[in-house]
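Visitor: could you work out the structure for the sequence below:
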Amino acid sequence: MLLRDEKVLRVFGDVAVEKSLARLEVVSRLPRFIAEYLISKYYKEDPVGWQSTVAKIVREYYPDPREKDRVLSQAKREGSITLIDEYKVVVNLKRNMYYLYIPNLQVYDALVSDSIVEKYERILSGLWGIGVLEYRPEIADAISSRGKEKVPFTPLILVDFEPFQVYNIDLNSFIEGREEFTTDEWIELLIRSIGLNPDMYSQRQKLLLLFRLVPLVEGNINLMELGPRATGKTYLYRNISYYTRIYAGGTISAATLFYHARLRILGDIGTKDVVVFDEIAKVKFYNPDEIVAKLKDYMVDGHFERGLLKRAHSNCSLVFMGNVELEASGIFGSVIDYLPGFMKDTALIDRIHGLLPGWELPKIFKSTLHLAKGYGLAADYLSEILHRLRFHSYESLVDELFELGENYTIRDEKAVRKLLSGILKILYPHGEFDKSELKSIGELAVELRQNVVNILSETAPYEFPYKKLQIKVRG
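Guide: Numbers count the residues shown, from 1 in each chain. Down below sits the predicted model:
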C-alpha cells in the first residue's frame, strides 16, 4: 500500500471519507454517493455518535417505498412530512407550472416552491436531498382550476430543501490536488474512491478498472464490457455517479431512450451522462427496427431525432454490459454467441469504441479483502468531478503525445482518440506526466479497440479482414 490516509486528508480534507464506513448496515439502503455524503457530514461532527444520528435520519426520513400510504397518511394527518428522496422538477409551460416528482411516494404531480427551483436549478434533472413537504389541498385546488379544464394535483408542496449532493465544487482544487500525488498513488486513490481495495488488483487490472470510468468523463463514447458476475460492473455505474441510467434487462421503448412525443420530454439519452444496458443478452426493444436504427445514428455523432423533435444532440455515452463466463481460447467467438440479435449487426459493433475484457478482473467475494478501506474521495464529490471533466477535451493532447499506425479506419482512429482522451483526464487532469508511463496506457487503449476489430473480423471476415492496430508515443 503506497497511499497514506494522512496525505489524502491533508490534500482533500472535507471531501475525503473513510470508505469502509459506507458498508455499514445503517446506510446500506442508500446509494453510495448519498451514504458517503451523510457519513462525511455527521462523522466529522461526532466520530462517536454519528451512527445513531444517521440511523435516525434514514429511519425517519427515508421510508421503504412499500410504506407509501403510511407516509401520505402522515402528511394528511400532521400537515407536513420530511422526506429524503431524489426530487425532480418538470416544467409545464402550458400551465405555467412546475411539477414535482417524488419517486419514493410514486407521486408525479406534486408542487414545488419557485424559490427552490431558482436556488437549486439542478433539481430540474433530479437532485437528492431532504425536503419538507406540506399538505396544502386548498392551494392545489386553486391551481387545478386554472383554465378551461380542471386538472387535479397531488396536494403536496415542497417548501424547504437541503441538497445532499455536492452542489458547488472547484475543479481547479481537484486538479491541484492531483499534483500532490505520484501516478501510482493517484491510481490507488481512485481505485479506493470507487469502493475497491487496490491491493487486490495488478497494475493492468487497476487500469482496466479506471477505463470503466471513461464513459463518465468523456462524452459520446460507446463501451462494452463482458465478464463474469460479481466483478463490480453494475455497482460502479449505480453507486459512483448520479448522472447515469441503468437498464437491467427488460423491454425498452424509443420514448424512454430518445424522446416521448406525447409528453414532449427528452428520454434518458438526452438527459443523462451515461446510459447503461446491463445484461444485454436479456435486453429487448419495443419496435426494435426503429430503436436500433436510431441507436446506430446516435452512436456516430451524438445526434438523434424522433417525431416532432428534429436533430437533437446529446453527449451521453453508452455502455453495454453482460455477465458471461468466457474461456481464454475462442473468446471473440464466445462474445458473438452471447450478444443479442440486434447487436450482431456489424455496423453497430463497429460503432463501439472499445471492448473491456471484464473476464480478466477478479470476482469480489469478501468485503474485508476486496472492498475499500482507508480514506478516499467521497462518491458524491467524485461523481460531480467526473461530470465536470466531460466538458474538457484532451483529444488535442492525444494528438501531441501519440502516433497511430497505418491500419486505422476513421472509426478506429476516433475510438482510440476518445479512449485516450478519457483515460488522460482521469490519470493526468493536471496535464503533467512522465512519457515513460504513457506507453502502457496507449497500448491498453488500442487493445480495447483491437478487441472490437477482432469481433468484426470473426463476424464478417470478408468485410473486415484481420488487422493489427499499433500505437507509439511521440518522442
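Visitor: okay, and the beta partners of residue 404?
Guide: As for beta bridges, residue 404 partners with residue 471 under DSSP bridges.
Visitor: ok, residue 15 - contacts?
Guide: Counting by CB atoms under 8 Å, 6 or more residues apart in numbering, residue 15 touches 40, 166, 377-378, 381. No exception for glycine: its C-beta is placed from N, CA and C like everyone else's.
Visitor: and the least confident of those residues?
Guide: In terms of pLDDT, the lowest of these is residue 166, showing 66.
Visitor: now, among the contacts of residue 15, which is nearest to residue 432?
Guide: residue 377 (19.6 Å; CB to CB).
Visitor: next one: phi and psi at that closest one?
Guide: Main-chain torsions, residue 377, degrees, to the nearest 10: phi -70, psi 130.
Visitor: hmm, back to that, make a markdown table from the contacts of residue 15 and add neighbour count and distance to residue 467 to it.
Guide: Formatted as a markdown table, the contacts of residue 15 follow (neighbours: other CB atoms under 10 Å; distance: CB to CB, whole Å):
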| residue | neighbour count | distance to residue 467 |
| --- | --- | --- |
| 40 | 23 | 49 |
| 166 | 19 | 45 |
| 377 | 23 | 40 |
| 378 | 26 | 44 |
| 381 | 23 | 42 |
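Visitor: so which of the residues you listed are in helices?
Guide: 40, 381 (DSSP state H).
Visitor: of the contacts of residue 15, closest to residue 400?
Guide: Of the contacts of residue 15, the one sitting nearest to residue 400 (CB to CB) turns out to be residue 377, at 28.5 Å.
Visitor: which residues does the closest one contact?
Guide: With CB under 8 Å, 6+ apart, residue 377 has these contacts: 12, 15-17, 189-190, 193, 385.
Visitor: how about a cut-off of 10 Å?
Guide: 8, 12, 15-17, 19, 36, 174, 177, 189-190, 192-194, 383, 385 (CB atoms under 10 Å, 6 or more residues apart in numbering).
Visitor: low-scoring stretches of the chain, by residue?
Guide: Along the chain, segments meeting pLDDT under 70 span 1, 140-152, 165-168, 326-333.
Visitor: distance-wise, check the spatially closest residue to residue 246 that is not a sequence neighbour relative to residue 215.
Guide: Closest residue in space to residue 246, ignoring its immediate chain neighbours: residue 276 at 4.4 Å, by CB to CB, 6 or more residues apart in numbering. Applying CB to CB, to the nearest Å, the value for residue 276 to residue 215 is 9 Å.
Visitor: any shared contact partners between those two?
Guide: 223, 237, 244, 317-319.
Visitor: max pairwise distance over these: which two?
Guide: 223 and 244 (12.7 Å).
Visitor: reformat the contacts of residue 15 as a markdown table; add distance to residue 100.
Guide: A markdown table is the format used below for those (distance: CB to CB, whole Å):
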| residue | distance to residue 100 |
| --- | --- |
| 40 | 27 |
| 166 | 22 |
| 377 | 31 |
| 378 | 27 |
| 381 | 27 |
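Visitor: against residue 68, how distant is residue 54?
Guide: Distance, residue 54 to residue 68, using CB to CB: 23 Å.
Visitor: the more surrounded of those two?
Guide: Counted by other CB atoms under 10 Å, residue 54 and residue 68 do not tie: residue 54 has more neighbours, with 22 against 15.
Visitor: which strand or helix spans the more buried one?
Guide: Per DSSP states H and E: residue 54 is located in helix 50-61.
Visitor: for that helix, name the packing helices and strands.
Guide: When contacts are defined as 3 or more CB pairs under 10 Å, 6 or more residues apart in numbering; DSSP states H and E, helix 50-61 sits against helix 32-45, strand 80-92, strand 127-135.
Visitor: many thanks, we can stop here.
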